[in-house]
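# what follows is a predicted structure for the sequence shown.
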Amino acid sequence: MVPRLVFPVPETMSEWRAWRAHFPLIVLYVWKESCMPCLKVKPAFERLAVELAQRFPGRTLCAKDQIDDAHRREEDTPTFAHWKMCHAVPFFIVFQNGQMVDQLTGYDERQLRAMIEKAIQQLGW
């Protein structure tokens, strides 16, 4: 069984900023419950989270943010901000040292892994 290493985005911006300050590499997966491709991507993203946690313990975080209507009502939340950024789901954002460095609409495993590896190289790991 794969351990749960994909964490829901916090509800407040201050907690989200704290995560971004603490983890040099964050991979965020934005999804909707009604999106069939999103549901198919979930197991692959969970495996990726395990790989990153094993390679770089304590330095990476894989997070998910559900942007269905009930989850994006408050304008001062991370979920609302992510909903405003994405044009379609699934949507991925790579953060390096707290800053967004790359994004991907749709799921292409090779392209997502390339984005992550680029960030890892830039971090000097």
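Looks like it arrived, so ask away.

# counting neighbours, what do you get for residue 48?
21 (other C-beta atoms under 10 Å). Bear in mind the C-beta positions are built from the backbone N, C-alpha and C, glycine included.

# now swap in the one 5 residues further on and tell me
If you count neighbours by other C-beta under 10 Å, residue 53 ends up with 17.

# cool, residue 110 as well?
Per other C-beta under 10 Å, the neighbour tally for residue 110 reads 7.

# ok, residue 33 next?
By other C-beta under 10 Å, 11 other residues sit near residue 33.

# correct me, but residue 120 touches residue 25?
Yes. Using C-beta atoms under 8 Å as the test, residue 120 is close enough to residue 25 to be in contact (6.8 Å).

# mutual contacts of the two, please.
residue 56 (C-beta atoms under 8 Å, 6 or more residues apart in numbering).

# give me the mean pLDDT for the helix or strand hosting residue 80.
Per DSSP states H and E, residue 80 falls inside helix 78-85. Throughout helix 78-85, pLDDT has a mean value of 86.

# which residues does the closest residue to residue 17 other than its chain neighbours contact?
Spatially, and ignoring its direct neighbours in sequence, residue 17 is nearest to residue 98 (7.6 Å; C-beta to C-beta, 6 or more residues apart in numbering). Taking C-beta under 8 Å, 6+ apart, we find residue 98 in contact with 17, 20, 21.

# make JSON lines from those and add neighbour count, pLDDT and secondary structure to it.
Listed next are the contacts of residue 98 as JSON lines, based on neighbours: other C-beta atoms under 10 Å; pLDDT from 0 to 100; DSSP: H, G, I helix; E, B strand; the rest coil:
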{"residue": "17", "neighbour count": "13", "pLDDT": "95", "secondary structure": "helix"}
{"residue": "20", "neighbour count": "20", "pLDDT": "96", "secondary structure": "helix"}
{"residue": "21", "neighbour count": "10", "pLDDT": "96", "secondary structure": "helix"}
